[in-house]
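Peer 1: My questions are about this predicted structure, shown below with the sequence.
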Amino acid sequence: MRRLGEVVKIEADQAWVKFTNPTEACGSCKGCLRLTLKEQTDEKVFKFPLTIKAEVGDTVMIEYPEKGIVQTMLVLYGLPILGLLAGYFLANNISGDETVSALTAFGGLLAGGIVSRPAARMVDARVGQPRIVASACRPR
């Protein structure tokens, strides 16, 4: 996944990159409105290792490994669902009572949610971090 941003500050070998309002760049689909129930209007600034020659004001391309996004999301959302299903079916096979199964399923969901965040961070760290890969062309 790639995204353009503007370099706003450079410190030694680190660059602070500002991402503008995504609704300005992507058009009028309002996908962010459907996901968050509010329009994204604020700008985000992140720090990246400076791996190319860039100056303040340059537009740069940030790349995040797509494989990492998919794997992290699978862990983050898959483990709680797996905990829910495992809790339900284990309790249902052992006790046969629906109330116990429902409570155990809820406990499995909570346990999966607690485990999923550190596990997703481990997967994210193993896959790789976002980095600056190119500087966009500037009109002269």
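Peer 2: Yes, it's here.
Peer 1: Could you list everything the closest residue to T51 other than its chain neighbours pairs with in the sheet?
Peer 2: Using C-beta to C-beta, 6 or more residues apart in numbering and skipping the chain neighbours, the partner closest in space to T51 is I132 (5.5 Å). For glycine as for every other residue, the C-beta is placed from the backbone atoms N, C-alpha and C. In this entry, I132 is beta-bridged to I62, by DSSP bridges.
Peer 1: and the gap between I132 and R126?
Peer 2: Here I132 is placed at a distance of 21 Å from R126 (C-beta to C-beta, to the nearest Å).
Peer 1: Give me the more crowded residue out of the two.
Peer 2: Neighbours per residue, other C-beta atoms under 10 Å: of I132 and R126, the larger number sits with I132, 20 against 10.
Peer 1: before we move on, back to that, where does the residue nearest to T51 land on pLDDT?
Peer 2: On pLDDT, I132 comes in at 76.
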